[in-house]
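In: Structure for the following, please:
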Amino acid sequence: MPETDHRPWGYYTVLSDEADHKVKRICVYPGKRLSLQRHRRRSEHWYLVSGEGMVTLDSRAIPLKAGEAADIPCGTAHRFQNPGATEAIFIEVQTGEYFGEDDIERLADDFGRV
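Out: Prediction:
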């Protein structure tokens, strides 16, 4: 059974962790957002399953509704925000050469983790 990791903005569960990819199911609470971050060694693809979201890619803000997706190229500053009244759930697919949490470079954070 996969373990769930709780964070101040919500929680995530790792669904697959292989040498060539990692897949997470991520839930973001209403009104919360992830840190503005970038990765040096991986790209990500976010598919919104339920709720609504606002994705920041560098200086662009992109609204997402359920069934829509965003690609985050390696090195791009990115963030997911839930502006809605219900939980937003998305699937994150990571591809690249390394998937450790220490590949997160936080640029801004609501919870003092910069």
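
In: From here on, just use CA atoms for contacts and neighbour counts.
Out: OK.

In: and Gln94, what does it touch?
Out: For Gln94, the contacting residues are His21, Lys22, Val23, Arg42, Ser43, Glu44, His45, by CA atoms under 8 Å, 6 or more residues apart in numbering.

In: Give me the distance between the fifth one and Asp20.
Out: It refers to Ser43. Per CA to CA, to the nearest Å, Ser43 is found 12 Å from Asp20.

In: The two: who's more crowded?
Out: Between Ser43 and Asp20, Ser43 has the larger neighbour count (other CA atoms under 10 Å), namely 21 against 11.

In: If the more buried one is in a bridge, with which residues?
Out: The partner list for Ser43 in beta bridges (DSSP bridges) reads Thr95.

In: residues near the residue nearest to Arg42 when sequence neighbours are not counted, how many?
Out: Sequence neighbours aside, Gly96 is the residue nearest to Arg42 in space, at 4.3 Å (criterion: CA to CA, 6 or more residues apart in numbering). Per other CA under 10 Å, the neighbour tally for Gly96 reads 15.
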